[in-house]
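J.: Sequence and computational prediction follow.
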Amino acid sequence: MAKRKDARITVILECTVCSQNGVKKVSTGISRYITQKNRHNTPNRLELRKFCPYCYKHRIHGEIKK
């Protein structure tokens, strides 16, 4: 039996402001969230507005590669 490709996949969202500013990932960290998306309905990269505990503000979190 062949495996079928599921529509839902797990994606990682990362704070775009922290990653652009070159924050050291080890010392302070970068805010990351794990969520799921439907591959067929949203083929583009996912962007959501989430809270970043390192910026202390709501920022746009974009999908990154695994």
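T.: Nice, thanks for sending it over. Treat the numbers as computed from the prediction; the structure is a model and nothing was measured.
J.: what secondary structure does H58 sit in?
T.: Here H58 is recorded as strand under DSSP: H, G, I helix; E, B strand; the rest coil.
J.: Please report the distance of it from R39.
T.: 27 Å (C-beta to C-beta, to the nearest Å). (Glycine included, C-beta is placed from N, CA and C.)
J.: and the helix or strand containing C18, average pLDDT?
T.: Using DSSP states H and E, C18 maps to helix 16-20. Averaging pLDDT along helix 16-20 yields 80.
J.: For that helix, name the packing helices and strands.
T.: Packing contacts for helix 16-20, counted by 3 or more C-beta pairs under 8 Å, 6 or more residues apart in numbering; DSSP states H and E, involve strand 47-52, strand 57-64.
J.: now do 7 Å
T.: Under the contact criterion of 3 or more C-beta pairs under 7 Å, 6 or more residues apart in numbering; DSSP states H and E, helix 16-20 touches strand 57-64.
J.: chain center to the strand it packs on: distance?
T.: Counting by C-alpha atoms, centre = their mean, to the nearest Å, strand 57-64 is centred 7 Å from the centre of its parent chain.
J.: And that strand, what's buried?
T.: For strand 57-64, a neighbour-count test (16 or more other C-beta atoms under 10 Å) marks R59, H61, G62, E63 as buried.
J.: I figured C15 was touching R49, is that so?
T.: No - C15 lies out of contact with R49 (C-beta atoms under 7 Å); the separation is 10.7 Å.
J.: The two: which is more packed in?
T.: Higher neighbour count among C15 and R49: C15, with 25 against 8, using other C-beta atoms under 10 Å.
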